[in-house]
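Pasting the sequence and the predicted model now:
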Amino acid sequence: MPELRHDPLSGALVIVAAERAARPHTFPSVTAPAAQPPDDCPFCSGHETMTPPEIARTGTGEPETPGWRVRVVPNLYPVVGGDQAGEGATGAHEVVVLSPAHTISFGRLDDEQAAEVLMVMRDRVRAHLDAGRSYVQALINHGLAAGASIEHPHTQVVALDLVPPAVEVGLARVDAAGHDLVAEAVAHAPDDRLAVIEGAAVAWCPWASGTPYQIRVAHRSTRAAFEAAADAEVRVVAIATRDALARLAVALGDVPYNLVVRTAPPGRVGFFHWYIDVLPKISVVAGFEQGTGILVNIVPPEHAVRRLSEVVP
């Protein structure tokens, strides 16, 4: 039977309606990615001159040459920033290329690669905040349906000169609760049988997951800001996130997803606790959701946890 649930962290109202999974679908499935990378991929090794001049790299080699492991470049089509940006749209938009390999997504990186990518993202967030930006959003759009326009796996760092309204609302919600909501979820996830991965960092499916197979990952520490996280913290969160994505890929295939780093703006600590949201794009936000603001999830999170826990990544 359908059940209405509330997510205290996001504030979302979610109707969990497993019966709707039985609806017939007559649309064709999504085409699989190409087996070979295209000759004009700007993120592949050897194509460094196809991007704007790089900002940072790990690995060896001079700028605009091969030898890098992770590479940071300006986004050629930025959401914000540029010489013609109007008020409220100033800022900076960067791309972090995960590796020279065209088909290795975050869920397929090894321990060192996953940690290095997330540390580079953290360092770029910190650099923009140190330069005076108000808020920096770090994210991954994996797959066309999730908003990626280039197949080669990459992350994005978007620096803003304002704190987004959704972030302000989230801060207010946590402050109103009067305690760390993420730490509470991390502590209770194993007891509630919602944990997918346990350890220094925990990956779990929220009780009121807004999308099928939504996964959250957080360190057990109570640090508010991503840019302030120590290398050891970033490492275990990166590996737990990688492991969760690897399980997702085994359970469902190479599904598109959005990965969003949730963090507090500078000077706004309160009870906030930085964490990562993984939002698979295997359902659509349709008219009911658009009209009511109530999300519909056809896969109960307790079922998602059971399936993710059973697979071998």
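Structure received. Residues are numbered from 1 along each chain as shown.

Tell me the helix or strand right after the strand or helix carrying residue 245.
Residue 245 is part of helix 231-252 when elements are defined by DSSP states H and E. Downstream of helix 231-252, the next assigned helix or strand under DSSP H and E is strand 257-262.

May I have the strands that pair with that following strand, each with its orientation?
strand 135-142 (antiparallel), strand 275-280 (antiparallel) (DSSP bridges).

who's in contact with the shortest one?
When you say that, I think you mean strand 275-280. Identification of contacts with strand 275-280 by CB atoms under 8 Å, 6 or more residues apart in numbering yields 182, 210-218, 237, 241, 244-245, 248, 252, 255-262. Every residue, glycine included, has its C-beta placed from N, CA and C.

Convert the C-alpha atoms of that strand to PDB, please.
The C-alpha trace of strand 275-280 is given here as PDB (Å, rounded to 0.1, in the frame of the first residue of the first chain):
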ATOM      1  CA  TYR A 275      27.500  14.500   3.100                       C
ATOM      2  CA  ILE A 276      27.100  13.200  -0.400                       C
ATOM      3  CA  ASP A 277      23.800  12.400  -2.100                       C
ATOM      4  CA  VAL A 278      23.600   9.900  -4.900                       C
ATOM      5  CA  LEU A 279      20.400  10.300  -6.900                       C
ATOM      6  CA  PRO A 280      19.900   7.600  -9.600                       C
END
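
tilt between that strand and helix 231-252?
With axes from the mean of the first three to the mean of the last three CA atoms, to 10 degrees as the basis, strand 275-280 and helix 231-252 are set at 20 degrees to each other.

And for the first one?
Between the axes of strand 135-142 and helix 231-252, defined by the same axes, to 10 degrees, the angle is 30 degrees.

and residue 113, what element?
helix 111-130.

and if you look at residue 38?
With DSSP H and E as the test, residue 38 turns up in no helix or strand.

go on, residue 307?
helix 301-310.

hang on, the earlier thing: which of the residues in the helix holding residue 113 are buried?
By 16 or more other CB atoms under 10 Å, the buried positions in helix 111-130 come out as 113-129.

And stretch 132-141, by the same measure?
Neighbour-count burial for stretch 132-141 [16+ other CB under 10 Å]: 133-141.

gap between that stretch and the chain center?
11 Å (CA atoms, centre = their mean, to the nearest Å).

do the same with stretch 95-115
Relative to its parent chain, stretch 95-115 has a centroid offset of 14 Å by CA atoms, centre = their mean.

what do you get for stretch 128-139?
With CA atoms, centre = their mean, you get 16 Å for stretch 128-139.

for the record, mean pLDDT for that stretch?
What stretch 128-139 shows for mean pLDDT is 98.

what sits against residue 17?
2-3, 296-298.

Show me where the chain dips below the pLDDT cut-off.
Where the chain drops to pLDDT under 70, the residues are 20-35.

Now do the contacts for the one residue sitting closest to the centre of it.
In the chain, the centroid-proximal residue (CA atoms, centre = their mean) is residue 259; its distance is 1.5 Å. Counting by CB under 8 Å, 6+ apart, residue 259 touches 106, 139-140, 142, 155, 241, 276-279.

Hey, what's the angle from the helix holding residue 113 to strand 257-262? Just curious.
Per the same axes, to 10 degrees, the angle that helix 111-130 makes with strand 257-262 is 50 degrees.

Against which helices or strands is helix 111-130 packed?
If contacts are counted by 3 or more CB pairs under 8 Å, 6 or more residues apart in numbering; DSSP states H and E, helix 111-130 sits against strand 56-59, strand 68-74, strand 91-97, strand 135-142, strand 154-160, helix 231-252.

can you tell me the helix or strand for residue 15?
Applying DSSP H and E, one finds residue 15 within strand 13-16.

distance between that strand and the chain's centre?
With CA atoms, centre = their mean, you get 21 Å for strand 13-16.

Likewise for stretch 133-147?
Between the centre of stretch 133-147 and the centre of its chain there are 7 Å (CA atoms, centre = their mean).

Residues contacting that stretch, please?
Under the contact criterion CB under 8 Å, 6+ apart, stretch 133-147 has outside partners 30, 91-92, 105-106, 121-122, 124-125, 128-129, 148, 153-164, 167, 226-227, 254-261, 263, 265-266, 281.
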